[in-house]
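**Student:** A structural model of the following input is requested.
(chains A and B)
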2 protein chains.
Amino acid sequence: MAEILKGKPAADALNEKIVNEVNLLSKINIRPALAIVRVGSKPDDIAYERGAVKRCEKTGAAVRVITLPEDVSQNRLVEAIQKLNEDRSVHGILLLRPLPAHINDDLIRNTLAPEKDVDGITDGSLAGVFVGTDLGFPPCTPQACMEMLDYYGVEVKGKNVVVIGRSTVVGKPAAMMLTKRHGTVTICHTRTVDLPGVCRQAEILIAAAGKAKMVSKEYLSPGQIVIDVGINFTEDGSMCGDVDFDQAKEIVAAITPVPGGVGAVTTAVLVKHVVEAAKRQANV
Amino acid sequence: MAEILKGKPAADALNEKIVNEVNLLSKINIRPALAIVRVGSKPDDIAYERGAVKRCEKTGAAVRVITLPEDVSQNRLVEAIQKLNEDRSVHGILLLRPLPAHINDDLIRNTLAPEKDVDGITDGSLAGVFVGTDLGFPPCTPQACMEMLDYYGVEVKGKNVVVIGRSTVVGKPAAMMLTKRHGTVTICHTRTVDLPGVCRQAEILIAAAGKAKMVSKEYLSPGQIVIDVGINFTEDGSMCGDVDFDQAKEIVAAITPVPGGVGAVTTAVLVKHVVEAAKRQANV
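**Tutor:** Have a look, this model is predicted:
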């Protein structure tokens, strides 16, 4: 039976550090502040927003939500972001995506000031992840994977790491972060031949395919550490990951559950980035 | 005996396309122009510069070399680059690196206007490679690897590709380009455990380790396509790649030689980027 790597203790540990930092900053009259920009009212966005707001409140960071109608014009959205870029009381900006189809995503994400880009969507942040520098901030979800590995003491150096998925939001940045930590990283995707065989060779497996329970027992082997990034819903409406948890827990050494795994750490990482942004902007 | 994948025919084919484009552009009074910025007089820089100048002259592109003394101040270098950024008669800028130690490389490379960054050194270009968009230009060397694969009809899709090396100049961008072409890419480096074993499993092997003849017969297996990016010199002063060519040619299906392989294509790619930059800047 695999060890279950829950997100909550990792998130709590991060939280504690964040609260300390917020308290320290309050002594020099700085209160880290996040602005969330939401276009429309998609349930996914609202759920994530609620989590982020709660996490800010819990840690003492300020948070503000700017909502715009689903049919907002591109110019209006650009203006809203520019206003937040210029607002010195706002340290981090979270833009909920995907945006509606009539909005140019590339243009909007690069309207964001990179120094306030706490979820790693601008070219500046992505170049930082790619080059391995600390420019901007990495996307929160792959960073949450790293926090989980750190919290549970999983050494990446020299390990065979397989990442399923090559999105800019998770797969590719995770691969870069793991390479920086000296893992030997293989990036897999839908065109990979014998995906189960490649995955079985992994010592650390990061599942970010976005397909419910895709990673079944043929993908797994004893001793593996499995990080499940997937957030999917089954037909009966219950949440599940990209990994077939029931099959996996009988085979692998350790696995993150869904829900209650990586997802629980993501908003903590977000607020950590807001605090870091506040520090950088104040040069402290 | 392996097929030897020479660079010259691939470079010649590219050249022909470039000459056509240059001729077409001349009809609307545009002459693609490269500016090369060299600090000091390192033999490597001068050798590469000579190749680039020759290639420009051969294709009808304009080229200009700006030389600055080894002890140039950072401000003076920034000014020189800004002047070229603003000069509408210059379409592409090649900054020879590494720069002397007293110069902040990150600052200088991001002084370059991304639209003139024909060797992919700015964050904008690197984000383009990482995200998979056509922002800026990819670095010339990994792009030359892609040109070689294309010219020799090597299909990447679904193949196991191993990249040795994780530099921002070759290894990581090559990995991203190969992932975009639907290869299953593994990034290896000095911390990889059993590097020979990992390399033997590759169907396509990209050697960009920067270590003379490191890839010996234990790294190789029959049927492989080997792209050797290394440029090293042996004790007797002769040039060699990262692959032990004599051993490799008895085992693998095909291999690029050094000299006369990828290196021969790099300056052709550079001029191709200059032409593309001229077209983009003129909106044609």
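
**Student:** switch to C-alpha atoms for all contacts and neighbour counts from now on
**Tutor:** Fine.

**Student:** all helices for the stretch 51-200 of chain A, in order.
**Tutor:** A:74-86, A:105-109, A:123-131, A:140-151, A:171-180, A:195-200 (DSSP state H, counting those that start in this stretch).

**Student:** The closest residue to A:Ile30 other than its chain neighbours is in what secondary structure piece?
**Tutor:** The shortest distance from A:Ile30 to any non-neighbouring residue, by Cα to Cα, 6 or more residues apart in numbering or on different chains, is to A:Ala278 (7.7 Å). Per DSSP states H and E, A:Ala278 falls inside helix A:263-282.

**Student:** quick one: the residue nearest to A:Glu250 when sequence neighbours are not counted from A:Arg200, how far?
**Tutor:** Once flanking residues are discounted, A:Glu250 sits nearest to A:Met1: 5.1 Å by Cα to Cα, 6+ apart. For A:Met1, the distance to A:Arg200 (Cα to Cα, to the nearest Å) stands at 18 Å.

**Student:** For whatever residue of the stretch 101-250 of chain A ends up closest to chain B, which non-adjacent residue is spatially closest?
**Tutor:** Nearest residue of the stretch 101-250 of chain A to chain B (Cα to the nearest Cα) works out as A:Thr186 at 4.0 Å. Using Cα to Cα, 6+ apart and skipping residues adjacent in sequence, the residue nearest A:Thr186 is B:Thr186, 4.0 Å away.

**Student:** For A:Leu77, see how far away A:Val90 is.
**Tutor:** Distance from A:Val90 to A:Leu77, by Cα to Cα: 17 Å.

**Student:** Neighbour count for these two, which is higher?
**Tutor:** A:Val90 (22 against 19; other Cα atoms under 10 Å in any protein chain shown).

**Student:** who's in contact with that one?
**Tutor:** A:Pro32, A:Ala33, A:Leu34, A:Ala35, A:Leu84 (Cα atoms under 8 Å, 6 or more residues apart in numbering or on different chains).

**Student:** Looking at these, which is nearest chain B?
**Tutor:** A:Leu84 (22.7 Å).

**Student:** so how many other residues sit close to the residue of the stretch 101-250 of chain A closest to chain B?
**Tutor:** Counted with other Cα under 10 Å, A:Thr186 comes out at 25.

**Student:** how far away is it from B:Ile187?
**Tutor:** A:Thr186 is 6 Å from B:Ile187, where distance means Cα to Cα.

**Student:** Check A:Gly241 too.
**Tutor:** Relative to B:Ile187, and taking Cα to Cα, A:Gly241 is found at 26 Å.

**Student:** How about A:Pro257?
**Tutor:** Applying Cα to Cα to A:Pro257 and B:Ile187 gives a distance of 28 Å.

**Student:** returning to that earlier point: any idea of the angle the helix holding A:Ala278 forms with helix A:140-151?
**Tutor:** 100 degrees (axes from the mean of the first three to the mean of the last three Cα atoms, to 10 degrees).

**Student:** buried sites along helix A:263-282?
**Tutor:** A:263-279 (16 or more other Cα atoms under 10 Å in any protein chain shown).

**Student:** ditto for stretch A:137-151
**Tutor:** Buried, per 16+ other Cα under 10 Å, within stretch A:137-151: A:137-149, A:151.

**Student:** Pretty sure A:Gly223 sits against A:Val252.
**Tutor:** Yes. Because the distance of 5.3 Å satisfies Cα atoms under 8 Å, A:Gly223 is recorded as touching A:Val252.

**Student:** The two: who's more crowded?
**Tutor:** A:Val252 (20 against 14).

**Student:** Get me the contact residues on chain A for chain B.
**Tutor:** A:123-124, A:126-128, A:130-131, A:157-159, A:166, A:168, A:172, A:179, A:182-189, A:191-193 (Cα under 8 Å from any Cα of the partner chain).

**Student:** Give me the buried entries from these.
**Tutor:** A:123-124, A:126-128, A:130-131, A:157-159, A:166, A:168, A:172, A:179, A:182-189, A:192-193.

**Student:** what does stretch A:260-275 rub up against?
**Tutor:** In contact with stretch A:260-275 (Cα under 8 Å, 6+ apart) are residues A:5-8, A:10-11, A:14-15, A:18, A:21-22, A:32-34, A:51-52, A:55-56, A:61, A:91-92, A:116, A:118-119, A:137, A:140-141, A:143-145, A:147-148, A:227-229, A:256.

**Student:** ugh, typo on my part, it should be stretch A:62-76
**Tutor:** Contacts for stretch A:62-76 (Cα under 8 Å, 6+ apart): A:31-41, A:53, A:56-57, A:77, A:100, A:102-104.

**Student:** Going by neighbour count, list what's buried in it.
**Tutor:** In stretch A:62-76, counting by 16+ other Cα under 10 Å, buried: A:Ala62, A:Val63, A:Leu68.

**Student:** could those residues be laid out in JSON lines, adding pLDDT?
**Tutor:** Shown next, in JSON lines, are these (pLDDT from 0 to 100):
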{"residue": "A:Ala62", "pLDDT": "98"}
{"residue": "A:Val63", "pLDDT": "98"}
{"residue": "A:Leu68", "pLDDT": "98"}
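
**Student:** so which of the residues you listed would you say is closest to chain B?
**Tutor:** Once Cα to the nearest Cα is applied, the member of these that ends up nearest chain B is A:Leu68, at 27.1 Å.

**Student:** and the host helix or strand of A:Ala47, what does it pack onto?
**Tutor:** For A:Ala47, the host element (DSSP H and E) is helix A:43-59. Here helix A:43-59 touches helix A:7-26, strand A:62-68, helix A:263-282, going by 3 or more Cα pairs under 8 Å, 6 or more residues apart in numbering or on different chains; DSSP states H and E.

**Student:** With respect to A:Asn110, which of the ones you listed lies nearest?
**Tutor:** helix A:263-282 (17.4 Å; Cα to Cα).

**Student:** circling back: now the residue of the stretch 101-250 of chain A closest to chain B: how far from A:Gly230?
**Tutor:** A:Thr186 is 18 Å from A:Gly230, by Cα to Cα.

**Student:** that older thread, show me what contacts the residue nearest to A:Ile30?
**Tutor:** A:Ala278 neighbours (Cα under 8 Å, 6+ apart): A:Ile30, A:Arg31, A:Pro32, A:Ala33, A:His91, A:Gly92.

**Student:** on that earlier part again, grab the CA positions of the helix holding A:Ala47 and hand them over as PDB.
**Tutor:** The C-alpha coordinates for helix A:43-59 follow below in PDB (Å, rounded to 0.1, in the frame of the first residue of the first chain):
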ATOM      1  CA  PRO A  43     -17.700  27.800 -12.100                       C
ATOM      2  CA  ASP A  44     -14.100  26.700 -12.400                       C
ATOM      3  CA  ASP A  45     -12.900  30.300 -12.100                       C
ATOM      4  CA  ILE A  46     -15.200  31.000  -9.200                       C
ATOM      5  CA  ALA A  47     -14.000  27.900  -7.400                       C
ATOM      6  CA  TYR A  48     -10.300  28.800  -7.800                       C
ATOM      7  CA  GLU A  49     -11.000  32.400  -6.900                       C
ATOM      8  CA  ARG A  50     -12.800  31.300  -3.700                       C
ATOM      9  CA  GLY A  51      -9.800  29.200  -2.700                       C
ATOM     10  CA  ALA A  52      -7.300  32.000  -3.400                       C
ATOM     11  CA  VAL A  53      -9.400  34.600  -1.500                       C
ATOM     12  CA  LYS A  54      -9.700  32.300   1.500                       C
ATOM     13  CA  ARG A  55      -6.000  31.600   1.500                       C
ATOM     14  CA  CYS A  56      -5.200  35.300   1.400                       C
ATOM     15  CA  GLU A  57      -7.500  36.000   4.300                       C
ATOM     16  CA  LYS A  58      -6.000  33.100   6.300                       C
ATOM     17  CA  THR A  59      -2.500  34.500   5.900                       C
END
